[in-house]
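In: Model the structure of this input:
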Amino acid sequence: HAGPERDARPAPLDTAAAPWRTPSQAAANGRANHPSRGTTMSRTGERVAPATATMQPWSLTMNRVLEHAARWHGTRELVSRRLDGGLDRTTWSQVHDRARRFSGALRAAGIGVADRVATLAMNSARHVEAWYGIMGIGAVCHTLNPRLFEADLEYIVNHAQDRWLVADPVFAPLVAKLLPKCPTVERVVFLCDGAGLPAAPVGAHAYETLIAGHSTDVRWGEFDELTPSGLCYTSGTTGHPKGVLYTHRSNYLHMLMLLQKDCFGFASQDVVLQVVPMFHANAWGLPFAAAAAGAKLVMPGPKLDGQSVYELLEGEQVNCSAAVPTVWQVLLDFLDSKKLRLTTLKRVLIGGSACPEGLIRAFRDQHGVDVIHAWGMTEMSPLGTTATLNQQAAALDPEAQMPYKLSQGRVPFGVDMQITDDDGRVLPHDGRQPGRLKVRGANVVARYFRGTGDGEAREVVDADGWFDTGDVATIDAEGYMRITDRAKDLIKSGGE
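Out: Below is the predicted model:
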């Protein structure tokens, strides 16, 4: 990209205020708080040397996820629908090799730890490769939402100080408009081969040509697990969008949370249709969870009409999927009009907005599909709760179960939650008294990336680590949370 004069590199991250700690800070914190380090106090008040730790210091970095998928589930497929309707097929092993080649291209251009690389693309195997290729060397994968206004995208790219922009060719006109206003972007790469390279902007690179010039011999990992890995901006605010910077550790732990049976519970025999866009709230963590489980991953690209989704579900024998309610309503309308039935789909995760009762009933009664209602926020990586049935609710008849399935659900291990009054007093879990919904955990934001640009404080948690979601909710005695309202003095901050 031959743009206006600029510094060779964007300004470094403000590590003093960034939502991760340096290795030295992490070590200092670990010595202070971890029982296997430093000295501990005995019951009599004497300082004693602790037992020496015996476990390996195996950093929780995202490259390990794809390395596992390639080594142990290497032949499992990823299927992507192209813009022309055709299907591309690859495997986790091939995705791993090509992601490493992309890492080599990034390294050769001087992209390193904590540098931001933006993606502006739909769901595809190439996009998955780019994600892992960026994160594998410690750079930050910054997903851009093409549905945002051009002015918002301009602000986000400049606020993040993105150095590269990786995009689908279909977004070439948008990229051409953004580039003159985004001086930190040094290079544009389109996810295509040389024949598909758009004429504009001039100087862009074809992804296939780029990775062909690099080998798989590139070092991954070997950085602290608190290194940033991903960046998403909230889109529902009254001011400027706010950046949420995920670390390798937070994404890794969120992925493990998704694999709990009360969440997604993927297994190696599953076939997952990832309808939720990769530019939306970390794609709900699906590209990570599917790789970790060794599941087959199917991606619909831009074609979300009822017929296209139905063809993928049946043709690829999909048994689980995740999307917003509107996608599923379009599918159900198509199935009704054609008098078709789903034969392999068993469960769907629905988030993004409240799930209509009619949707749950239609999937259950007409197709034998279990609907799992979920809630979360960009600030939570994003999963917060899932409306799966506990022992008591599972023992009820289907009609009596409906209020539980319509709730926002219960927290999985990894998320803590409470409701308080306006003065911060904790309220009971009686299912009746509403309060301000607050969350904390390893996957919950502590502060926004580089501030907000609106004069707001970076810290967004209280002294005990609670993040106020801006929602008003009740929690019943069995842990089911139900959102009832928005706090009037809080702006919407990326709720899913």
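
In: any low-confidence regions in this structure?
Out: 1-50, 236-238, 452-458, 488-496 (pLDDT under 70).

In: okay but residue 263 is in contact with residue 387, surely?
Out: No: when contacts are counted by Cβ atoms under 8 Å, residue 263 is not listed as touching residue 387 (11.1 Å). Where C-beta positions appear, they are placed from N, C-alpha and C, glycine not excepted.

In: Neighbour count for these two, which is higher?
Out: Comparing residue 263 with residue 387 by neighbour count (other Cβ atoms under 10 Å), the higher total belongs to residue 387, at 27 against 24.

In: any residues touching the longest strand belonging to the chain, and which ones?
Out: Ranked by number of residues, the top strand in the chain under DSSP state E is strand 467-475. Applying Cβ atoms under 8 Å, 6 or more residues apart in numbering, the contact partners of strand 467-475 are 377, 379, 408, 417-419, 429-440, 444-446, 460-462, 481-487, 490-493, 495.

In: So for residue 152, what's the nearest residue that isn't a sequence neighbour?
Out: In space, residue 152 comes closest to residue 241 once its chain neighbours are excluded; the distance is 6.0 Å by Cβ to Cβ, 6 or more residues apart in numbering.

In: Give the helix, strand or coil label for that neighbour.
Out: Using DSSP: H, G, I helix; E, B strand; the rest coil, the structure places residue 241 in coil.

In: quick one: contacts for it?
Out: When contacts are taken as Cβ under 8 Å, 6+ apart, residue 241 is in contact with 148, 152, 155, 156, 233, 234, 235.

In: Need those residues in CSV (columns: secondary structure, distance to residue 345 and neighbour count).
Out: What follows is the contacts of residue 241, written out as CSV (DSSP: H, G, I helix; E, B strand; the rest coil; distance: Cβ to Cβ, whole Å; neighbours: other Cβ atoms under 10 Å):
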residue, secondary structure, distance to residue 345, neighbour count
148, coil, 31, 16
152, helix, 35, 16
155, helix, 39, 18
156, helix, 35, 25
233, strand, 32, 26
234, coil, 31, 22
235, coil, 29, 19
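
In: Next, give me the two most distant ones among these.
Out: 155 and 234 (12.5 Å; Cβ to Cβ).

In: can I assume residue 104 sits in a helix?
Out: Yes: the assignment for residue 104 by three-state DSSP puts it in a helix.

In: That one: neighbour count?
Out: Residue 104: 21 neighbours (other Cβ under 10 Å).

In: so what's it closest to, chain neighbours aside?
Out: residue 214 (3.4 Å).

In: Quickly find the element holding that neighbour.
Out: Following DSSP states H and E, there is no helix or strand that holds residue 214.

In: which SS class is residue 88?
Out: Residue 88 is classified as strand under three-state DSSP.

In: Next, count neighbours for it.
Out: Count around residue 88 with other Cβ under 10 Å applied: 14.

In: Report the beta-bridge partner residues of it.
Out: Note on residue 88: beta-bridge partners residue 80, judged by DSSP bridges.
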